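> my questions are about this predicted structure, shown below with the sequence.
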Amino acid sequence: MKFTKMQGAGNDYIYVDGMVEKIEDESKAAKILSDRHFSIGGDGLIIIKKGTKADFEMVMYNADGSRGAMCGNGIRCVAKYVYDHAYTDKKEFSIESMGAVKYITVNTENGKVKSAKVDMGKPVLNSKNIPVICDKDKCLNEKITLAGRDFNMTCVSMGNPHAVMFIDEHPADFDLDKYGKIAESYTEVFPDRVNAEFAKIIDRNTVEMRVYERGAGETLACGTGACATVVAGIVNGLLDNEVTVKLLGGELKIEWNANEEDSVIMTGPCEYAFTGEVDI
């Protein structure tokens with residue numbers, strides 16, 4: 001089976017052209033291929049298919065084989081793949097994932113996609129729809145205790161659930177493995193598990209963050225997590241409407257006008273790492 005390894009801000013996935021290749025057990029393949037010691041290695045597997053509701057479909061699996069609803073960095077790489085491989089000549093097109101349709105604008109250089117802007121849709125702040133167990137309609141700046149330490153969390157869905165916690169220390173000094181792992185699997189609060197972001201406000205237009213992703217652990221970047229973090233910062237009065245999010249793997253630009261009926265816009269890089277063939 002032919003594959004392409006791609007990354008967006010260091011968030012790396014194995015991409016398979018589902019319009020050419022067929023995988024019998026996609027979940028099993030994701031778990032095997034994502035192993036960084038015994039196979040290709042990556043944050044998961046993304047299969048690119050023709051869409052039914054959109055121009056194309058992104059079928060995403062996490063490294064543990066669980067199905068992923070949305071990946072902001074992954075969808076930019078899908079956009080690059082379909083444009084660079086001449087599946088479309090349009091610079092504006094749509095990609096669906098688990099029924100949710102996102103709209104993409106690609107930026108090209110010498111005929112190839114260099115970066116992409118994605119309409120990530122409206123943020124969801126209603127607790128039941130995230131979902132998060134909270135006695136309020138919106139979980140904004142609510143206390144949560146992880147391993148004996150108190151955090152204030154704001155919960156947002158960007159098509160997948162996020163718990164954003166702003167911290168005082170620099171993210172590089174934060175014990176993400178300890179606290180992120182507990183948060184991700186804290187099913188008494190997050191019935192569907194959660195992506196946990198720990199972020200530090202640098203100024204009103206800059207935030208640094210690390211993320212512990214549901215089903216993948218720490219990743220170098222998370223596009224939906226960056227969107228959720230900016231939304232959380234804006235609703236808590238900490239950030240302005242255009243923010244640069246600094247992650248371990250690079251930077252993403254996030255824009256939101258603080259209106260829950262309007263979309264969050266994400267712009268960031270998308271690059272090839274290598275291509276190859278593998279037996280599964």
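That came in fine, so what should we check first?

> which residues of the stretch 151-280 of the chain fall in helices?
Ranges of helices in the stretch 151-280 of the chain, per DSSP state H, counting those that start in this stretch, are 176-184, 223-235.

> buried deepest among those, which one?
helix 223-235 (a mean of 28; mean count of other CB atoms under 10 Å). Placement of C-beta: from N, CA and C, glycine included.

> can you say which of the helices of the stretch 151-280 of the chain is nearest to M158?
With respect to M158, and counting by CB to CB, the nearest of these is helix 223-235 at 4.0 Å.

> show me what the closest one is packed up against.
With contacts defined as 3 or more CB pairs under 8 Å, 6 or more residues apart in numbering; DSSP states H and E, helix 223-235 has these neighbours: helix 72-84, strand 149-157, strand 161-166, strand 195-203, strand 206-213, strand 242-247, strand 250-255, strand 265-269.

> could you export these as TSV, including mean pLDDT?
Compiled in TSV, these are given as follows (pLDDT from 0 to 100):
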stretch	mean pLDDT
helix 72-84	98
strand 149-157	99
strand 161-166	98
strand 195-203	99
strand 206-213	98
strand 242-247	99
strand 250-255	98
strand 265-269	98
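
> on that earlier part again, distance to G10 and mean pLDDT added to the helices of the stretch 151-280 of the chain, as JSON lines?
Output for the helices of the stretch 151-280 of the chain, formatted as JSON lines (distance: least, CB to CB, whole Å; pLDDT from 0 to 100):
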{"stretch": "helix 176-184", "distance to G10": "15", "mean pLDDT": "98"}
{"stretch": "helix 223-235", "distance to G10": "11", "mean pLDDT": "98"}
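
> make a markdown table out of these and add distance to P131.
Output for those, formatted as a markdown table (distance: least, CB to CB, whole Å):
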| stretch | distance to P131 |
| --- | --- |
| helix 176-184 | 15 |
| helix 223-235 | 14 |
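
> nearest to N129 among those helices would be which one?
Taking CB to CB, helix 223-235 is the member of these nearest to N129, at 13.7 Å.

> next, the angle from the closest one to strand 242-247.
130 degrees (axes from the mean of the first three to the mean of the last three CA atoms, to 10 degrees).

> so what's the residue count around K128?
Neighbours of K128 under the rule other CB atoms under 10 Å: 10.

> that's a strand at it, yeah?
No - per DSSP: H, G, I helix; E, B strand; the rest coil, K128 lies outside any strand segment and is helix.
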